[in-house]
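Chemist: got a sequence here, can you model it:
(one chain, ligands or ions: 1)
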Amino acid sequence: MRRECLSCSTGKFLGLLMIFGLACLMLTHTNKAHSVSDGLAKGIGTNEEHKEVTDVGIRFKKLFRRAPRLPPRLSPDEKIIHRNFTGKLNEPNVEEQWKARQQNVKDAFTHAWSGYKKFAMGYDELMPVSRLGVDGLGGLGATVVDALDTAMIMGLDEVVSEAGSWIESHLLDRIRQKGQVNLFETTIRVLGGLLSAYHLSGGDQGMTLAQKGPKPTIYLDIAKNLADRLLSAFTSSPTAIPFSDVVLRDSSAHSAPDGLSSTSEVSTLQLEFNYLSAISGDPKYSTEGMKVLAHLKTLPKTEGLVPIYISPHSGEFSGENIRLGSRGDSYYEYLIKVWLQLRDTQDGNFTYLHDMYEEAMRGVKHMLVQKSIPSELVFVGELPVGPKGYLSPKMDHLVCFLPGTLALGVTKGLTKEKAMKDNLLTFEDLENLKLAEDLTKTCFEMYSVTSTGLAPEIAYFHTKDYFESGLDGGNKSSEYVNDIIIKHADRHNLLRPETVESLFVLYRITQDPKYREWGWHIFESFEKYTKVESGGYSSLDDVTTVPPPKRDKMETFFLGETLKYLYLLFGDSSVIPLDKFVFNTEAHPLPIKSS
Ligand code: DMJ
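Modeler: Sure, this is the predicted structure:
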């Protein structure tokens, strides 16, 4: 064909034209490459050099536009991965594959529960390596209660029956006899778990997901007994801010040794107390809880951002440290979630919560969000000495709750598609959703960048003001190995849920299958490095080392949150829909009640 074509005069002309075109394109390309690499190698080239090179490039580019970029050629294996990441093809067997993956999560939950049941039944937590139980949360059998609604959602009747019977036979006695517990931890894990179990077992015209276990009223009665004692933290405080600790057996309360409460702790009780009031008919729980938020509304803030400590004695914030990691995180989460919970009720005007949330998110974008060097990961830093001080490029894994919360705040639990169709999104909403997507990527890369594929507790980001060499995550093939810095003291992983929580919410809202794929990668790493053969999963000491040393603790939230979110991520989106339920900060779903 080439020979025939070249023999005619049109063919010759076209051939010459092609050679000329190619030569010009090569010249343009060479100049651009020169300009970029020169800039990078020298840091900054002289302005003159740069101008000359760019001018030539622009002249040629005006004459010839670049050919469009074609997708890369992929091997058959790569095509499968690629398809899953982009998710453009919706083949019939794709859902089957996700069902199989969901079954893997269910098996993991069964393995975790079996270890706990064998070695630690009735203790707060399992030490899977030592095969012992430990009471790290006051001795209320926290794993049993935290895990129960996950077992209900997974349809694990046997576990529901075992956990339910234990709660029915032992929990009330424990509540009557035990000493000091933390108000926040007990509310989110134990009270939240009981309330969710109440609803999922049929209470409050609930879902009857559980066929086994006690009647829903058993859960409700225990919840009320516990909450009555927890209320002492509110009623014995001289201000609207509750004390941090409660002594269960005598319903007394006191502040922490330094006299302070964490801001996130006092503002992360209201979903649970409000729901308890709604189902018990007794407003006292909600009244006490909501006093805190109404009081926080009156305090001075910096663009909606708040210090991480507050004094129950004065009712004022203490110190200047601002962050969305530990002690700050769920303040922001509950502003929007409590608003979502209450906005359709006729119990009062809660717009102030939405206003506080919106102002805070503007503050986050303005004061805390930055991009890393060289690959521009978006991260949320901290202001350890207050708004006038420097921004520390430190991000706790805990901050990874934020993308999910942001996305929820944008669509209120609807899919993006539906919210767009109904014209519900503002420009600011779209900006927040973009930030949510960028941050979700960063949180996922905090996993990918390590040798184990598991995130450290804390990451630092390389910026123009901060870099330390020799502290990468160990995965040299990660594109972000130079962006993410992991200090020795921060290399542990506690099986935390925040990233998979955000993957779940982002998947439900955007329907982009890449979030499922990322969740699957994370799950595989948990399976590979944290599973303990005899039963249970263990926290790790160092995610940058293979094999990673085990820390010998299975946190209750691994069953309450991490595995629940992964299970829901891989499953049918109609289960626990986000516009009808609000998840408390420990992943216990509570139904949103209308007036
Ligand atoms: C959980 O107890 C809750 O998600 C809380 O809000 C933050 N810390 C843990 C999980 O990491």
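
Chemist: rest of the way, CA atoms for contacts and neighbours
Modeler: Fine.

Chemist: and Leu172, what does it touch?
Modeler: By Cα atoms under 8 Å, 6 or more residues apart in numbering, the contact list for Leu172 reads 222, 225.

Chemist: per-residue confidence at it?
Modeler: Model confidence at Leu172, given as pLDDT, is 98.

Chemist: what comes up buried for the one helix or strand it maps to?
Modeler: Per DSSP states H and E, Leu172 falls inside helix 172-177. Judged by neighbour count using 16 or more other Cα atoms under 10 Å, the buried positions of helix 172-177 are 172, 174-176.

Chemist: for Ala407, state which of the residues you listed is nearest.
Modeler: Ile175 (37.2 Å; Cα to Cα).

Chemist: ok, the closest one to Lys284 distance?
Modeler: Plainly put, Ile175 is 20 Å away from Lys284 if you go by Cα to Cα, to the nearest Å.

Chemist: below-threshold pLDDT in the protein: ranges please.
Modeler: Low-confidence segments of the chain (pLDDT under 70): 1-91, 210, 595.

Chemist: please list the residues of it that sit near the ligand.
Modeler: If contact is defined as Cα under 6 Å from any ligand atom, the residues of the chain in contact with the ligand are 330, 496-497, 557, 585-586.

Chemist: do that again at 5 Å, thanks
Modeler: Proximity of the chain to the ligand is assessed by Cα under 5 Å from any ligand atom, with 496, 585-586 identified as the residues in range.

Chemist: can you add distance to Leu269 and give the buried residues of helix 172-177 back as CSV?
Modeler: Rendered in CSV, the data for these read as follows (distance: Cα to Cα, whole Å):
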residue, distance to Leu269
Leu172, 21
Arg174, 21
Ile175, 18
Arg176, 21
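
Chemist: for the residues you listed, which one is nearest Asp429?
Modeler: Asp429 has its nearest neighbour among the buried residues of helix 172-177 in Ile175, at 43.8 Å by Cα to Cα.

Chemist: give me every residue that touches the closest one.
Modeler: Contacts of Ile175 (Cα under 8 Å, 6+ apart): 140, 225-226, 248-249.

Chemist: may I ask which two of these are separated the most?
Modeler: The distance between the two most remote of the contacts of Ile175 (Cα to Cα) is 13.1 Å, for Leu140 and Asn225.

Chemist: count of residues packed around the residue of the stretch 351-500 of the chain found nearest the ligand?
Modeler: The stretch 351-500 of the chain approaches the ligand most closely through Arg496 (4.5 Å), counting by Cα to the nearest ligand atom. Residues near Arg496, counting by other Cα atoms under 10 Å, number 22.

Chemist: swap in Ala233?
Modeler: Taking other Cα under 10 Å as the criterion, the count of residues near Ala233 is 24.

Chemist: one more: Gln346?
Modeler: Using other Cα under 10 Å, Gln346 is surrounded by 10 other residues.

Chemist: quickly note the distance from Tyr116 to Lys99.
Modeler: In this structure, Tyr116 lies at 26 Å from Lys99, with Cα to Cα as the measure.

Chemist: how far does the host helix or strand of Ser330 sit from the chain's center?
Modeler: Element membership for Ser330, per DSSP H and E: helix 329-342. Distance of helix 329-342 from the chain centroid (Cα atoms, centre = their mean, to the nearest Å) equals 15 Å.

Chemist: then stretch 537-554?
Modeler: 21 Å.

Chemist: got it, and stretch 289-306?
Modeler: For stretch 289-306, the distance to the chain centre is 23 Å (Cα atoms, centre = their mean).

Chemist: now do the same end-to-end measure for that stretch.
Modeler: 19 Å.

Chemist: check which residues of it are buried.
Modeler: Along stretch 289-306, the positions that meet the burial threshold by neighbour count (16+ other Cα under 10 Å) are 289-293, 296, 301, 303-306.

Chemist: can you map out the strands along the stretch 251-400 of the chain?
Modeler: Shown for the stretch 251-400 of the chain, the strands assigned by DSSP state E, counting those that start in this stretch span residues 252-254, 261-262, 309-310, 317-318, 369-371, 378-380, 394-396.

Chemist: by contact count, what packs against the third one?
Modeler: Right, strand 309-310. With contacts defined as 3 or more Cα pairs under 8 Å, 6 or more residues apart in numbering; DSSP states H and E, the packing partners of strand 309-310 are strand 261-262, strand 317-318.

Chemist: go through stretch 361-380 and flag the buried ones.
Modeler: Within stretch 361-380, the residues that qualify as buried by neighbour count (16+ other Cα under 10 Å) are 361-364, 367-373, 376-380.

Chemist: flag every buried residue along stretch 204-224.
Modeler: Burial within stretch 204-224, assessed by neighbour count using 16+ other Cα under 10 Å, is assigned to 204, 208-216, 218-220, 222-224.

Chemist: just those now: which is nearest the ligand?
Modeler: The nearest member of those to the ligand, counting by Cα to the nearest ligand atom, is Ala223 at 18.3 Å.

Chemist: what's the helix or strand for that closest one?
Modeler: Ala223 is part of helix 216-230 when elements are defined by DSSP H and E.

Chemist: helix or strand right after that helix?
Modeler: In the C-terminal direction, the helix or strand that comes right after helix 216-230 (DSSP H and E) is helix 232-235.

Chemist: pull up the distance across stretch 302-316, start to finish.
Modeler: Across its full length, stretch 302-316 reaches 14 Å between end residues, using Cα to Cα.

Chemist: repeat for stretch 543-561
Modeler: Using Cα to Cα, the span of stretch 543-561 from its first residue to its last is 20 Å.

Chemist: show me the contacts for the residue nearest to Gly179 when sequence neighbours are not counted.
Modeler: By the measure of Cα to Cα, 6 or more residues apart in numbering, the closest residue to Gly179 outside its immediate chain neighbours is Val247, 4.8 Å from it. Val247 sits next to 178-181, 253 when contact means Cα under 8 Å, 6+ apart.

Chemist: got the contact list for Pro577?
Modeler: By Cα under 8 Å, 6+ apart, the contact set of Pro577 is Gly413.

Chemist: ditto for Leu471
Modeler: By Cα under 8 Å, 6+ apart, the contact list for Leu471 reads 485-488.

Chemist: and Glu468, how close does it get to Gln205?
Modeler: Here the criterion is Cα to Cα. By it, Glu468 lies 56 Å from Gln205.

Chemist: so Leu140 and Asn225 - more neighbours on which side?
Modeler: Set side by side, Leu140 and Asn225 show more neighbours around Leu140, with 25 against 14, by other Cα under 10 Å.

Chemist: picking up where we left off before, now, among the residues of the chain next to the ligand, which is nearest to Leu156?
Modeler: Leu156 has its nearest neighbour among these in Glu586, at 19.7 Å by Cα to Cα.

Chemist: using the three-state scheme, assign that closest one.
Modeler: Under the three-state scheme (DSSP: H, G, I helix; E, B strand; the rest coil), the conformation of Glu586 reads as coil.

Chemist: and if you look at the one 4 residues further on?
Modeler: Assigned with three-state DSSP, Leu590 falls in the strand class.

Chemist: separation between it and the ligand?
Modeler: As judged by Cα to the nearest ligand atom, to the nearest Å, Leu590 and the ligand stand 15 Å apart.

Chemist: can you tell me which residues contact that residue?
Modeler: Counting by Cα under 8 Å, 6+ apart, Leu590 touches 195-196, 199, 275, 581-584.

Chemist: please repeat the previous calculation with a cut-off of 10 Å.
Modeler: 192-193, 195-200, 271-272, 275, 341, 576, 580-584 (Cα atoms under 10 Å, 6 or more residues apart in numbering).

Chemist: show me those residues that map onto strands.
Modeler: Counting by DSSP state E, the part of the contacts of Leu590 found in strands is 581-583.

Chemist: next, the buried residues of stretch 491-500.
Modeler: Within stretch 491-500, the residues that qualify as buried are 491-500, counting by 16+ other Cα under 10 Å.
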